[in-house]
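Enquirer: sequence and predicted model, in that order:
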Amino acid sequence: GSWTILQLVEALGFCLENTDPRTRGRGIQLLSQVLLECHSLLQEKEVLHLVLFYENRLQDHHLLIPSVLQGLRALSLCEVLAPGLAVSVLKAIFQEVHVQSLLQQDRYTVYSIITNFMATREEELKGLGADFTFGFIQVMDGEKDPRNLMVAFQIVHDLIVKNYALGPFVEELFEVTSCYFPIDFTPPPNDPHGIQREDLILSLRAVLASTPQFAEFLLPLLIEKMDSDLQSAKLDSLQTLTACCAIYGQKELQEFLPSLWSSLRREVFQTASEKVEAECLSALHALSACLSRSVLSSDAEDRLDSFLSSILQDCRHHLCEPDMKLVWPSAKLLQAAASASLRSYHRLTHSILPLLLEQYNKHSQSSQRRTILEMLLGFLELQQKWGHVEEDESALLSLQETVCSVVFSALTDPSVQLQLVGIRALTVLGSLQGFLSPSDLELVVDHLVRLALHEEDSQSSEAAMEAAGSLAPVYPKVFSGRMVPRLGEELQSGRTDSLAKDCAICSRNLHSLQQRCLQALAAVSTHTSIVRETVPVLLQHLRNVEAGNAQEVVSVCQSLHRVALQCQQDAEGCWYYHQTVVPCLLAMAVQASSHPLVSKVLLEEEVLTAMVPVISAATTHLSPELAAQSVSHVVPLFLDGEVSFLPQNSFPCSFQPFEVCGPQRRLVALLMAFVCSLPHNVVIPQQERLLRELLALSCSCSCPFTATTASKCFAGLVNKHPAGQQLDEILQLAVNRMEPGLTEGPHRTQALILLLWVTKALVLRYHPLSSHLTDKLLGLLSDVELGPIAADGFSLLMAESPDVLHKGCHADVRIMFRQRFFTDNVPKLVEGFHGAGADVKANYLKSLSHVLNHLPKPVLVTELPTLLSLLLEALSCSDRVVQLSTLSCLQPLLLEAPQIMSLHIDTLVTKFLSLASSPAMVCALLSAPHTLLLCPTVVVLQLLPYKARVIRALAKPLDDKKRLVRKEAVAARGEWFLVGSPGR
């Protein structure tokens, strides 16, 4: 049957009234356990009687207290608790229980009761006034357990932020919490509670930084701990100070500002720790921001001004000594303070900027000027943070002419390092709207063109191009009207000069100039209006060089590709680029494939491979509507020879790449780049016919490049094809074409390439047929002719493909496809290896190593131990690819599963050293014994018997002709000499 709680109390009467405290304790324990289970079912009257009963029991024998507290915890969770009972319970606990004499769990129960009441009876508890605060202080005083401290700190935090009355007990509350500062706690090993030192630090910091009332007690403590020899104490103090500044004002800080500044300055000037320095700068920033926020009355002293004056007094003179060690600490302190607010920035820069400009002109050495300009750059970047330049306050605007003069002089200095700083400064000045005059902007462009094209050092050239790319969107008219024409002229003049001069050195220089022009045109194409200027220049240059060598064409394609990537996020620029570049490239390629007198450079594999990413990048970000418009032209071009949309479309013969053998077929690579980059929801016209044509071409073409690109194109379309009968039919057709081709005939390799790409397309989308095709590949590993190619194909299946079948071109790529492939196929590989003949075992090992090498590292480490015996056998394989791949698989296991590897130390060392005789392997192998030394001591101790043997074996590579080999040999041999030495 069912009992009421009062019936239960009556039934327990014998126990509860027993003279033996242990018996009474068991009775109360049972009652409390019942209350914890059914507290939500209690009536208000029942709760009242129970509270009175439990309060009375608090005066009973100390053995009963834990059970009584459990019962009160259950009652504190009751929603029907009558008004006033929460206060009554807490008063009873405060008066009758000496909390810190209880066990940890019982103290935790008390904190839980308080927490529950604060969550549900806040107004009642506030009615107690400061008595509640004082009672809690008594409860918490002396607490040591981190589990309880986490709760206690939260209670104190809530007391403050929820405006409980602290009364005269502010200092006592501070003392009872600050005694734990700084936290010194190391969690025990395998701690089930998971409390870390950082958790306690953050909880205590939230308390200390929760009220300005603690300031007069906390700030002296922080100053004291900043002077500590313990780095952890310094860091904790600085971070706490930073947190406090968010809620403090001038009133709280003013008394301690000199001492705080003194401590911060000393730490930055003297510390060897980057962490301490960074926290000091953060604290100084926070202090300045705090003083900047304070609202002043008309007659009050501006503490910010006096504080910044102290900083200037102590740091300013160090800026005049660019070779001394305190110059950078001083600059960092000034910049940290200046970054706090616009007011502090103006106050400091009015003094600092003129000084830095004066020092720059005063010092003539490039190294000194570089230091000064870098400091100036730091202040310029802060102005960038505050946005536009205000005429009435900014020191920068009044020094505009001098600043520009200094920056421009740095750009013409022979020192590359000074030039690089100057370019960075120029970029920042350009980003400050309204700072540079039109004449300054023209000078900026002239400097950038000179540095980009004619500066000998590549660092300055690349930095200038990057700066041009950053500034071009800010000043598109200036760059399109001044820089692009200059680059076009240089490109054309370089082309003319290269035709007129035969000198090898001149030719190299002109080629370098052309390369830089192309790179600069691409770099500056960061705005649609500029793209409209640069793309025609690049395409015209492509027409000019198509009769030259392939490398020139590839260079133009690389620049076009960069422009395409920069256009992708702008719909207007992307469409302009696509409809301008793609038809032009197709027209030039069709012309080269159709006209017998036109240069065939564009048909070379290297050039077509460079054109593929250009077309792909121009297509991937098109809207579905624009992509559909474009595909309606491109697909008919390849299927029906429809050339009307191409510029200059008068060709001597029709374009039929799928029907006529010859160079036209190579252009399927461009078709692949386009159709495999279209979004999912774009309908491809005549798709079934296109798939059949690609399938036939991939299986029958004798040109490996054409057959491979046709296979990739077919696979890319199949991957995105909607599931259904049409897909099943085309896949069945592909299987019917591949299976005979794999068995016999002149095109076995082409059939295998098609099988690999189609398998990858289906594996990525989890298509059911993928397992059947993978089994076909596994069967081919035992084929003497195709086995090595099939083994290498497993790398293709697992690796990211650069041109098709990746997420960037909208391929259907499911998550964790590699793990699924591993789970499904590695057992088959292992079984095949054991059943294979000696002449083909290497194929299985190579396949396995490729699969393992592309697995995510956490998965690899968990799976490798079961395959370890096979991997050790793979080290004896004669195939170098297998050896290197196996070494890369073993390395994470050596580092993360040393206990397993320690069982095979003898085999590992023996195989490493036997392979070290191979010159081709020596560099990789030298790093392999080196990784053994990164394992824990349990493994290193087992290396001792091999020490002498390894040191002797590593002596030979010390005389190798390659410096890298000698370097690795010295490092590895030195580590082996130290094996077993103290501290290792």
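Expert: Sure, I can see it.
Enquirer: when you work out contacts or count neighbours from here on, use the C-alpha atoms and nothing else.
Expert: Will do.
Enquirer: which residues does Ile423 contact?
Expert: Contacts for Ile423 (CA atoms under 8 Å, 6 or more residues apart in numbering) come out as Val407, Leu411, Ala463, Ala464, Ala467.
Enquirer: quick one: which of these has the most company?
Expert: Within these, neighbour counts (other CA atoms under 10 Å) peak at Ala464, which reaches 31 neighbours.
Enquirer: secondary structure class of that residue, three-state.
Expert: Classification of Ala464 by DSSP: H, G, I helix; E, B strand; the rest coil places it in helix.
Enquirer: where are the low-confidence patches of the stretch 151-300 of the chain?
Expert: Along the stretch 151-300 of the chain, the parts satisfying pLDDT under 70 run over 295-300.
Enquirer: which parts of it are helices?
Expert: 170-178, 197-208, 215-226, 231-245, 250-253, 257-270, 274-293 (DSSP state H, counting those that start in this stretch).
Enquirer: pipe those into TSV and attach distance to Leu521 per row.
Expert: Below are the helices of the stretch 151-300 of the chain laid out as TSV (distance: least, CA to CA, whole Å):
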stretch	distance to Leu521
helix 170-178	62
helix 197-208	51
helix 215-226	54
helix 231-245	47
helix 250-253	54
helix 257-270	45
helix 274-293	40
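Enquirer: adding mean neighbour count and distance to Ile155, write these out as TSV.
Expert: As requested, those are arranged in TSV below (neighbours: other CA atoms under 10 Å; distance: least, CA to CA, whole Å):
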stretch	mean neighbour count	distance to Ile155
helix 170-178	18	11
helix 197-208	19	9
helix 215-226	19	19
helix 231-245	22	19
helix 250-253	17	24
helix 257-270	18	30
helix 274-293	22	27
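Enquirer: need the helices for the stretch 551-700 of the chain, in chain order.
Expert: 571-594, 605-619, 624-640, 668-675, 687-700.
Enquirer: can you tell me which of those is most buried?
Expert: Highest mean neighbour count of those: helix 668-675, a mean of 25 (counted as mean count of other CA atoms under 10 Å).
Enquirer: alpha carbons only: can I get that one in CSV?
Expert: Extracted in CSV, the C-alpha atoms of helix 668-675 (Å, rounded to 0.1, in the frame of the first residue of the first chain):
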residue,chain,number,x,y,z
VAL,A,668,37.9,17.2,-72.7
ALA,A,669,40.0,18.4,-69.8
LEU,A,670,38.4,21.9,-70.2
LEU,A,671,34.9,20.3,-70.3
MET,A,672,35.7,18.4,-67.1
ALA,A,673,36.8,21.7,-65.4
PHE,A,674,33.5,23.3,-66.3
VAL,A,675,30.8,20.6,-65.8
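Enquirer: angle of that helix against helix 687-700?
Expert: Relative orientation of helix 668-675 versus helix 687-700 (axes from the mean of the first three to the mean of the last three CA atoms, to 10 degrees): 140 degrees.
Enquirer: give me the average confidence score over helix 668-675.
Expert: For helix 668-675, mean pLDDT rounds to 95.
Enquirer: just stretch 71-86 next, same as before
Expert: For stretch 71-86, the per-residue pLDDT values average out at 91.
Enquirer: how far does that stretch stretch from start to finish?
Expert: 14 Å (CA to CA, to the nearest Å).
Enquirer: pull out the buried residues from that stretch.
Expert: Residues of stretch 71-86 classed as buried: Gly71, Leu72, Arg73, Ala74, Leu75, Ser76, Leu77, Cys78, Val80, Leu81, Leu85, Ala86 (neighbour count, 16 or more other CA atoms under 10 Å).
Enquirer: okay, the second one and Leu448: tell me how far apart.
Expert: The one in question is Leu72. Distance of Leu72 to Leu448, given as CA to CA: 77 Å.
Enquirer: also the third one?
Expert: Counting by CA to CA, the gap between Arg73 and Leu448 amounts to 74 Å.
Enquirer: the helix or strand hosting Ser351 to helix 274-293, inter-axis angle?
Expert: Remark: Ser351 resides in helix 342-362, with elements defined by DSSP states H and E. Taking the same axes, to 10 degrees, one finds helix 342-362 and helix 274-293 inclined to each other by 120 degrees.
Enquirer: for the helix or strand that helix 342-362 is followed by, packing partners?
Expert: Once the chain leaves helix 342-362, the next helix or strand it forms, by DSSP H and E, is helix 366-386. Secondary-structure packing of helix 366-386 (3 or more CA pairs under 8 Å, 6 or more residues apart in numbering; DSSP states H and E): helix 327-338, helix 342-362, helix 416-431.
Enquirer: to His578, which of these lies closest?
Expert: Counting by CA to CA, His578 lies closest to helix 416-431 out of the helices and strands packed on helix 366-386; the figure is 30.0 Å.
Enquirer: from Met465, how far off is Met226?
Expert: Going from Met226 to Met465 by CA to CA gives 46 Å.
Enquirer: make that Leu241, sorry
Expert: 43 Å.
Enquirer: what does Glu381 give?
Expert: Distance from Glu381 to Met465, by CA to CA: 20 Å.
Enquirer: quick one: which of these two has more around it?
Expert: Of the pair Glu381 and Met465, Met465 is the one with more neighbours under other CA under 10 Å, namely 25 against 20.
Enquirer: adding distance to Phe655, write the helices of the stretch 551-700 of the chain out as CSV.
Expert: Below are these laid out as CSV (distance: least, CA to CA, whole Å):
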stretch, distance to Phe655
helix 571-594, 7
helix 605-619, 17
helix 624-640, 7
helix 668-675, 12
helix 687-700, 15
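Enquirer: quick one: residues contacting the closest residue to Leu518 other than its chain neighbours.
Expert: Excluding the flanking residues, the one nearest Leu518 by CA to CA, 6 or more residues apart in numbering is Ser559, at 6.0 Å. Under the criterion of CA under 8 Å, 6+ apart, the neighbours of Ser559 are Leu518, Gln519, Leu521, Ala522, Leu538.
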